[in-house]
Every structure is written in structure tokens, then in C-alpha cells.
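K.L.:
structure, please.
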Amino acid sequence: PDYNGLKMVLGGETLSGEAIQKLRERLVNNDLAHGDGGYRQHDIAGEYLARIVSDVKLARPMKIIVDCGNGVPGAFAPKLYRNMGCQVEELFCDVDGNFPNHHPDPSQPKNLQDLIAALKTSDAEIGLAFDGDGDRLGVVTKDGSIIFPDRQLMLFADDVLSRNPGAEIIFDVKSTRKLFGWIRERGGRPLLWKTGHSFIKAKMKETGALLAGEMSGHVFFKERWYGFDDGLYAGARLLEYLSKQADINATLHGLPDTINTPELNIKMAEGEHYTLMDTLQKTARFPDAREIITLDGLRVEYADGFGLARPSNTTPVIVLRFEADTNEALERIQADFRRVIHQAAPGLALPF
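P.N.:
The predicted structure follows:
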């Protein structure tokens, strides 16, 4: 593998940026602490399931399909939702790290095709999918539409704000701009923030926000939960919310939508993506922009859409995303970004 999957936490703080570089310096300089430690083992599965089932309640029984992609959630998700009162059809719930059926990444539509097909032939109302370690949720409607995480966050915001008017809700720079109005209309305070697990968690701690979400599929509940991202718990809260709706398909299809691109990547040599981003932040001009946000790369807000270019925190790529009210607006915004990127890096191959 090219990359590891380690997250390091010290005293409740997820290490990133400067803090993780300081740890590297200590390792290089052999500046290490010595002493006696220990460890203990504890099977938390029973308590975990009981804690969720004791608090998250369905208004009526539901029939669902769960696709675990042979990841770890397969050991827990079917039991959790059955204990909540759901009838559960299982897809790929045997845990197998070889992932023989499809990659367990619900952010990629190609990994949801089995779930979409199963919903067509089943009388299940909705499909849930999880990533390999269970901290991200994918949602598919009865007719096979994918409800991407920024639109999932609209439902969670509606629910949380019904009990907590005035609450702050955080979403990352890759998310739809429709969240701003949706949250304000329900009496909440929207806050746009940097993409990244560690950044979102730190901002939640700083602001006391009750809910946060990332376009990648991580949703963090502080209301009724512990403020960490858990796809199985997010699925439980979604089912609780939908079980109270008169028509769940009308609710899901009634969410504000836009014309948008998936996440697009410009692959570069290590470090080059940061250099290009610095240049763009200093030199790029957008005459038609309503607002230029530089907290994480460049997010440019227009009257009818937005464009985003940001450096990935984990790989040497520039991440791009575009959203607009019409196809014409989308093409115009993309042309604006094409212009400024080619001014800064002539000849760079672009994925749009």
C-alpha cells in the first residue's frame, strides 16, 4: 500500500499538521520517554449496541438493506438495526479483509451498484452502506438515487435543530452551499470549515457545535452522542428521523439539489500541490465572485454556484469540486478555474 491508515490521538486531540511534525522530530532525535506501560482488552460490542438502542428509537418498524462491503461493520450493523426493530437484508456482511465483492468505500458510486440493484428487487425502503472501518455512511433511496453526505447532513441538521434552536453546525469546504440557507431557515448557525477529521473535531471542541459533517461521509454527532464520527450511529439516527416521516422517498427527494461534479483530482509530485495552491491564493483573480474563501485552499462563491481547489492533506493532489444551479453556470465556473490554474501552471493537465 502507498499509505497507512493511522490516526494518532493524544489527550483527546487528533494529531495533525505542526503537532504531528513535532512527533516526527522527537523520533528522529531519539527524544523518547521510557517507563512501564500496560494494556487491557475489553469487548465493548454489547455495551455499544445497548447504548444506541436505549436512546435511538424508531417511530415504526422499517425494512432496510445493509451493504457492509465485507468490512468490519458487518460484525455489528445487522444486529444493531435488528435490535432497533428493523427487518434487515444483508449484503456482504461477512468480514473479509480481501474485500472479494467490492471496495468498501460508499463515497464512490461504483461501490453502491450492488445495493442499488438489490433495492430494485426488494421491498426494502432504503439502503445503507459503510466503509471498511465503519466511520462513514452511504445512503441509497428505493429508486437507486444516492444521497451524498452533504445532503444527509441536511436531514441531521433538521433533526438536531428541532431540539436545539440556535445550535452551530459545521460542514467542510467541499460541501454544498445549499447548507447555509437550510441551516439558517431552521434557526441554526452554519459554519464552513477546513476538510479533515482532525480539523473538524478540533473546531467542534472549540465552538461547542452539536453536529458536523464532511463531504467524505464522516458525520460527528455531539447531541446525544460523543462527538466522534460513527457511520453505524449515523445510520441509526437517519432511520430514527425517517421513521417519523409520512413518505420517506418524498423527504429524501425533496432535499435541495444542484448540478455538481464529484471530487476531481490533479495529481502532482510530492509538495508541488502546496506550492501551486500558495501561488493561486496570491495571484488568482475572480471578477465575478461574490466571495473568495481561503481557509482551506480557494473556495470561490458565485451568485449561482461555487468552485473549489484545495491541497489534499494526505496525498500530493489538488482536490477540485464544482457546483451550480445550471449547466451553463457550471461550465462558466469551471472555465474561470481553468483560466487561473493555467495562468499559474501552464500546460498542467486538468480533469475538467
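K.L.:
I'd guessed Val88 sits against Ile64; true?
P.N.:
Yes. If you go by Cβ atoms under 8 Å, Val88 and Ile64 touch, sitting 5.9 Å apart. C-beta: built from backbone N, CA, C; applies to glycine.
K.L.:
mind checking which of those two has more residues around it?
P.N.:
Ile64 (24 against 19; other Cβ atoms under 10 Å).
K.L.:
where do the contact lists of Val88 and Ile64 overlap?
P.N.:
Tyr81 (Cβ atoms under 8 Å, 6 or more residues apart in numbering).
K.L.:
can you give me the distance of Phe180 to Ile52?
P.N.:
According to Cβ to Cβ, to the nearest Å, Phe180 stands 31 Å off from Ile52.
K.L.:
more neighbours: the two, which one.
P.N.:
Ranked by neighbour count (other Cβ under 10 Å), Phe180 and Ile52 place Ile52 first, with 22 against 15.
K.L.:
average pLDDT for the helix or strand harbouring the more buried one?
P.N.:
According to DSSP states H and E, Ile52 maps onto helix 45-55. Summarised as a single mean, pLDDT over helix 45-55 is 98.
K.L.:
would you mark the buried spots in that helix?
P.N.:
Counting neighbours by 16 or more other Cβ atoms under 10 Å, one finds that the buried residues in helix 45-55 are Leu49, Ile52, Val53.
K.L.:
dump these to JSON lines, plus distance to Ala209.
P.N.:
Output for the buried residues of helix 45-55, formatted as JSON lines (distance: Cβ to Cβ, whole Å):
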{"residue": "Leu49", "distance to Ala209": "27"}
{"residue": "Ile52", "distance to Ala209": "21"}
{"residue": "Val53", "distance to Ala209": "26"}
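K.L.:
excluding its backbone neighbours, what's nearest the residue nearest the centre of the chain?
P.N.:
Central residue of the chain (Cα atoms, centre = their mean): Gly217, 2.3 Å from the mean position. Nearest non-adjacent residue to Gly217, counting by Cβ to Cβ, 6 or more residues apart in numbering: Arg136, 3.3 Å away.
K.L.:
buried sites along the longest helix seen in the chain?
P.N.:
The longest helix of the chain (DSSP state H) is helix 327-344. For helix 327-344, a neighbour-count test (16+ other Cβ under 10 Å) marks Ala329, Leu330, Arg332, Ile333, Gln334, Asp336, Phe337, Val340, Ile341, Ala344 as buried.
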